[in-house]
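J.: Could you work out the structure for the sequence below:
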Amino acid sequence: MEKRVNEQAAGAPVVRLTEKAVEAVKRTLATQKLEGHRLKVALRPGGCAGFQYDLDVVERVGPGDLAFEQDGVGIIVDAGSAHFLAGTEIDYVDDGLHAGFAFQNPNARTSCGCGSSFQA
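T.: Okay, here's the model as predicted:
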């Protein structure tokens, strides 16, 4: 059963994708022919600061996961990660040398030098 959560109690989305991130996800899903799949956002233990961001493309919503849609992109947030991800903005950055998703997480107290992990 899919649990639909569009907003937290305070009225802010759990996570938000920038326009560039929405385009990147749509492009990836189309290129990989993954119609009906969604972007899943979670945290995993690891990195030099404690937590690492984990993005995946999945077809189904897992038990307890939070599911919503933004600009035509299905987004799933891992239930155990939602508290630490609340208010996070996900952008897609391509500076010519490096391309990938960048996270602006208001819950991160500290982050590692490369920005791939954080401590809450």
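J.: Going by C-alpha atoms from here, please, whenever you check contacts or count neighbours.
T.: Noted.
J.: would you list every one of the strands in this structure?
T.: 3-4, 15-17, 38-46, 50-58, 66-70, 73-77, 88-94, 99-104, 110-111, 117-119 (DSSP state E).
J.: For the residue nearest the centre of the chain, give the beta-bridge partners.
T.: Closest to where the C-alpha atoms of the chain average out (CA atoms, centre = their mean) is residue 41, at 3.6 Å. Beta-bridge pairing for residue 41 (DSSP bridges): residue 55, residue 77.
J.: for the one 4 residues further on, same thing?
T.: When bridges are assigned using DSSP bridges, the partners listed for residue 45 are residue 51.
J.: what's the neighbour count on it?
T.: 13 (other CA atoms under 10 Å).
J.: Surely residue 102 is in contact with residue 94?
T.: No. Here residue 102 does not reach residue 94: they are 10.0 Å apart, not a contact under CA atoms under 8 Å.
J.: More neighbours: which of those two?
T.: Counted by other CA under 10 Å, residue 102 and residue 94 do not tie: residue 102 has more neighbours, with 15 against 11.
J.: residues near the residue nearest to that one when sequence neighbours are not counted, how many?
T.: With sequence-adjacent residues excluded and distances taken as CA to CA, 6 or more residues apart in numbering, residue 102 is closest to residue 91, at 5.1 Å. When neighbours are defined as other CA under 10 Å, residue 91 has 19 of them.
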